[in-house]
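Trainee: Quick one: sequence and predicted model below, then my questions.
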Amino acid sequence: MGPMRIVTDSMARFARPELLGRYPVTIVPMRLETGAGPIEDTPDIEAWEALRPAYGARLPRLLPPSVDVLGSVYSQLLRETDQILSIHGAVRVSAAVNNASAASQQFLGRCDIQVVDSHSFSVGQGLLVEAAIEEMRAKRYSALMMPRDRKRPQ
């Protein structure tokens, strides 16, 4: 199988976006629930002012990638690798970590998917992704994956 793959969500912002061009990172879009309907959080949506007509006086709600969407992403990556590091925004801010954990269960025994709560979001989450990329480039990714026989910290 190929090298480990990294997955994150669009809540991450990157201090060194050029790293994304050197190592493939799958960025799963969050969605913004507005009065006019859901909008995918893509790189095109950077300025809240651009959304003002869509949400009016009510602020949009940020929705994490669903279990089904993350499961589909993992399934596609399973064709290339048997190790996935999935880094998401703080569980206190978003349910993406919970959804990623639930999605990963369907791949037990076929793919080692490590779901990481970044305990951060935005640039903090992006910095963790960038650190993982650096470890991957240095071929130290085995240190990023927790052995299955070790208990995960709560």
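Mentor: That came through, no problem.

Trainee: Let's see stretch 117-134 as CSV, backbone CA atoms only.
Mentor: The C-alpha trace of stretch 117-134 is given here as CSV (Å, rounded to 0.1, in the frame of the first residue of the first chain):
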residue,chain,number,x,y,z
ASP,A,117,-9.1,16.0,18.1
SER,A,118,-6.9,19.0,17.4
HIS,A,119,-8.2,20.8,20.6
SER,A,120,-8.1,23.8,18.3
PHE,A,121,-9.4,25.1,15.0
SER,A,122,-8.4,27.5,12.3
VAL,A,123,-4.6,28.0,12.3
GLY,A,124,-4.1,25.8,15.3
GLN,A,125,-5.7,22.8,13.5
GLY,A,126,-3.8,23.8,10.3
LEU,A,127,-0.5,23.7,12.2
LEU,A,128,-1.1,20.2,13.4
VAL,A,129,-1.8,19.1,9.8
GLU,A,130,1.4,20.9,8.7
ALA,A,131,3.4,19.1,11.4
ALA,A,132,2.0,15.8,10.3
ILE,A,133,3.0,16.6,6.7
GLU,A,134,6.6,17.3,7.9
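
Trainee: which parts of it are buried?
Mentor: By 16 or more other C-beta atoms under 10 Å, the buried positions in stretch 117-134 come out as 117-118, 120-121, 124-130, 132-133. No exception for glycine: its C-beta is placed from N, CA and C like everyone else's.

Trainee: Show me the shaky parts of the protein.
Mentor: Low-confidence segments of the chain (pLDDT under 70): 1, 36, 42-58, 140-154.

Trainee: Give me the domain ranges for the protein.
Mentor: Per automatic domain parsing, the structural domains of the chain span 5-29+65-144, 31-63.

Trainee: how long is the shortest one end to end?
Mentor: Across its full length, domain 31-63 reaches 5 Å between end residues, using C-alpha to C-alpha, to the nearest Å.
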